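Q: This is a predicted model, with the sequence first.
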Amino acid sequence: MLSCRPSAKEPAGKRPNILFVIADDQSFPYASVYGAAGVHTPAFDQVAENGVLFYNACAAAPQCSPSRAAILTGKNIWQLEEAGTHSSYFPKKFPVFTSLLDSAGYKVGYTGKAWAPGNWKDAGWAHNPVGIEYNKEKLTPPSKNISAIDYFKNFVDFYEEKQPDEPFFFWYGANEPHRPYLEGSGVKMGKRLADADMPRFLPDDSIVRSDIEDYAMEIEWFDQQLAKMIDFLRQKGQLDNTLIVVTSDNGMPFPSAKANLMEYGSHVPLAVSWPARIKGGRIARDLVSLIDLAPTFLQVAGVKETPAMTGKSLGDNLFPDTSGEATAREYVLTGRERHSDARPDNLGYPSRAIRTAQYLFILNCKPDRWPAGDPPPSKEVQAEWDKDNSSGNFKPIGMGYGDIDDPSPTKSLMMAQPARWPELFSLGFGKRPAEQLFDIEKDPDCMTNLANVPAFDATRKSL
């Protein structure tokens with residue numbers, strides 16, 4: 001484990017404000033600066049142009065709460081006990097960087113989604129591990145399924161409470177682009193189905209294209225609120241000395257993506273700027289993990305007494321030495337335990353993955369289970385369950401494959417017509433072998449498993 005110590009390359013000067021911006025379920029490459037079609041993200045693009053745009057950033061888990069717990073602690077999910085699984089419990093014994101920043105004199109708060117879903121109250125936390133909540137300001141969103149929280153005005157409320165010389169850490173946690181979406185909202189807002197950026201693991205169908213554009217519209221709403229915050233900081237003369245980090249907790253809520261260790265489940269956007277200290281217009285293809293953010297925040301804030309963390313500061317990436325080269329990393333790790341109550345007895349689908357610049361290797365520890373949750377039960381089985389569940393204490397599996405978020409037009413279409421796209425249905429819904437290996441340079445959609453191909457045996461064994 002690595003303790004967080006300020007780097008020798010860390011620039012001297014006033015401690016920065018920190019604005020941490022995290023989307024809910026946004027996969028790489030869904031930002032316009034990455035070249036994604038059908039989505040326009042000028043605020044994210046501005047952060048990238050003013051700082052560093054990362055091309056190989058991975059979440060620690062492909063799900064909300066374990067990913068966020070890993071960000072807060074700088075640890076892998078299997079080091080966090082209950083906090084390492086979805087919608088569970090956050091033991092208070094694990095230090096979080098937000099508390100350390102608070103102790104170091106930072107004003108700390110959040111708007112929108114913090115560490116969630118899960119239970120922090122019973123662990124003895126006085127408030128959410130992220131900090132103090134600022135969610136009272138509301139607005140009328142463009143879609144009934146977009147959050148009514150006015151993220152920007154809540155940020156202004158937070159900012160106006162701080163002392164003039166007090167640095168701040170603020171967590172803007174959007175609820176977008178998490179499902180549900182208002183079906184057809186993307187097209188209604190002027191998007192074209194032809195522009196939808198389609199992964200190869202999804203059917204190229206008008207229903208799916210519309211679903212993708214609904215998702216893209218919510219990413220744009222998230223980005224618009226960030227733009228307001230950036231403009232506000234500029235007006236206050238604080239933008240130059242504010243470290244802005246924009247990313248996502250995990251990937252898009254579609255089959256073969258969120259809650260899966262394939263690329264579209266854990267590969268996320270990441271852009272970082274700090275105009276006063278970070279040279280802009282740079283692209284980083286280094287492998288980084290979101291567990292690296294906690295030690296990074298503590299480093300730039302000058303916090304020296306810190307707990308051991310598995311993540312390592314991105315200081316070398318952000319403040320490279322005179323050679324312009326950042327410290328290379330050989331791999332990042334991701335993992336998954338349980339996502340939802342998609343199987344009897346709450347059984348999960350434990351998996352681990354290692355990702356290098358070229359390859360992704362996944363170990364599925366329980367290949368006998370359905371990775372997307374159990375299929376819908378037969379009518380006879382459902383009737384038997386209903387009879388046994390007269391007390392109402394058992395939650396039925398329902399439409400099945402519960403680890404793929406509902407409601408989802410894409411999921412519904414694929415379940416209704418599995419024979420129409422048998423390969424794609426198998427990838428997203430079917431059982432998987434214990435080992436999967438993908439050449440992500442050639443196959444970023446993770447369509448072809450190379451684990452049993454003799455030519456890749458040495459690669460598989462090394463990983």
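A: Alright, I've got the coordinates. Numbers count the residues shown, from 1 in each chain.

Q: Can you name the residues that contact Ser27?
A: Counting by Cβ atoms under 8 Å, 6 or more residues apart in numbering, Ser27 makes contact with 248, 251-252, 257, 264-265, 267-269. Every C-beta, even on glycine, is put in place using the N, C-alpha and C of the backbone.

Q: Reformat these as JSON lines; add neighbour count and distance to Leu202.
A: Converted to JSON lines, those look like this (neighbours: other Cβ atoms under 10 Å; distance: Cβ to Cβ, whole Å):
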{"residue": "Ser248", "neighbour count": "28", "distance to Leu202": "19"}
{"residue": "Gly251", "neighbour count": "27", "distance to Leu202": "13"}
{"residue": "Met252", "neighbour count": "26", "distance to Leu202": "10"}
{"residue": "Ala257", "neighbour count": "27", "distance to Leu202": "9"}
{"residue": "Tyr264", "neighbour count": "26", "distance to Leu202": "9"}
{"residue": "Gly265", "neighbour count": "26", "distance to Leu202": "13"}
{"residue": "His267", "neighbour count": "27", "distance to Leu202": "16"}
{"residue": "Val268", "neighbour count": "26", "distance to Leu202": "18"}
{"residue": "Pro269", "neighbour count": "25", "distance to Leu202": "19"}
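
Q: between these, which is nearest Asp45?
A: Pro269 (10.6 Å; Cβ to Cβ).

Q: where does that closest one fall, helix, sheet strand or coil?
A: At Pro269 the chain is in strand, as set by DSSP: H, G, I helix; E, B strand; the rest coil.

Q: residues in contact with it?
A: With Cβ under 8 Å, 6+ apart, Pro269 has these contacts: 23, 26-31, 34, 44, 54, 57, 246-248.

Q: how about 10 Å then?
A: Pro269 is in contact with 23, 26-31, 33-34, 36, 41, 44, 48, 53-55, 57, 219, 246-248, counting by Cβ atoms under 10 Å, 6 or more residues apart in numbering.

Q: Show me those that map onto strands.
A: Among the contacts of Pro269, DSSP state E puts 23, 53-55, 57, 246-248 in strands.

Q: ok, which pair from those residues is furthest apart?
A: Longest span within the ones in strands among the contacts of Pro269, Cβ to Cβ: Ala23 and Tyr55, 17.1 Å.

Q: the more surrounded of the two?
A: Applying other Cβ atoms under 10 Å to Ala23 and Tyr55 shows that Ala23 carries more neighbours, namely 31 against 16.

Q: so how far is His86 from the closest residue to Ala116 other than its chain neighbours?
A: Excluding its sequence neighbours, the residue lying closest to Ala116 (Cβ to Cβ, 6 or more residues apart in numbering) is Ser65, at 6.1 Å. Distance from Ser65 to His86, counting by Cβ to Cβ, to the nearest Å: 5 Å.

Q: Could you tell me which residues touch both of these two?
A: Common neighbours of Ser65 and His86 (Cβ under 10 Å, 6+ apart) are 77, 117-118.

Q: Filter these down to just the ones in strands.
A: Per DSSP E, the shared contacts of Ser65 and His86 map to strands at Gly118.

Q: What subset of the shared contacts of Ser65 and His86 is buried?
A: 77, 118 (16 or more other Cβ atoms under 10 Å).

Q: Considering the shared contacts of Ser65 and His86, which is situated nearest to Gly348?
A: Ile77 (11.8 Å).

Q: residues contacting the residue lying closest to the closest one once chain neighbours are set aside?
A: Excluding the flanking residues, the one nearest Ile77 by Cβ to Cβ, 6+ apart is Gly84, at 3.5 Å. If you count contacts by Cβ under 10 Å, 6+ apart, Gly84 has them with 60-61, 65-67, 69-70, 73, 75-78, 90, 94, 335-338.

Q: partners of the helix or strand where Gly335 lies in the sheet?
A: Element membership for Gly335 (DSSP states H and E) is strand 332-336. Using DSSP bridges, strand 332-336 pairs in its sheet with strand 351-355 (antiparallel).

Q: what's the offset of the strand it pairs with from the middle of its chain?
A: 16 Å (Cα atoms, centre = their mean, to the nearest Å).

Q: With stretch 249-261 instead?
A: On Cα atoms, centre = their mean, the centre of stretch 249-261 falls 9 Å from the chain's centre.

Q: sorry, back to before: just curious, which of the shared contacts of Ser65 and His86 is nearest to Arg343?
A: Closest to Arg343, out of all of the shared contacts of Ser65 and His86 and judged by Cβ to Cβ, is Pro117, at 18.3 Å.

Q: Separate out the buried members of the contacts of Pro269.
A: Buried among the contacts of Pro269 (16+ other Cβ under 10 Å): 23, 26-31, 33-34, 36, 41, 44, 48, 53-55, 57, 219, 246-248.

Q: Let's have the shared contacts of Ser65 and His86 in JSON lines, adding pLDDT and distance to Asp214.
A: Listed next are the shared contacts of Ser65 and His86 as JSON lines, based on pLDDT from 0 to 100; distance: Cβ to Cβ, whole Å:
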{"residue": "Ile77", "pLDDT": "98", "distance to Asp214": "30"}
{"residue": "Pro117", "pLDDT": "96", "distance to Asp214": "22"}
{"residue": "Gly118", "pLDDT": "95", "distance to Asp214": "27"}
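
Q: out of the shared contacts of Ser65 and His86, who's nearest Thr356?
A: Looking across the shared contacts of Ser65 and His86 and measuring by Cβ to Cβ, the closest to Thr356 is Ile77, at 19.7 Å.

Q: which ones are touching the most centrally placed residue in the chain?
A: By Cα atoms, centre = their mean, the chain has its centre lying nearest to Asp249, at 1.6 Å. Listed by Cβ under 10 Å, 6+ apart, the contact set of Asp249 reads 22-26, 59-68, 70-71, 113, 116, 173, 178, 258, 268, 290.

Q: so where's this protein shaky on pLDDT?
A: 1-13, 321-327, 380-398 (pLDDT under 70).

Q: Need the single longest helix in it, by residues.
A: Criterion DSSP state H: the longest helix present in the chain is helix 206-235.

Q: could you show me where the helices are in this protein, in order?
A: Counting by DSSP H, the helices of the chain are 42-50, 64-73, 97-103, 151-161, 185-188, 206-235, 263-266, 293-300, 315-318, 379-388, 409-416, 422-429, 457-462.
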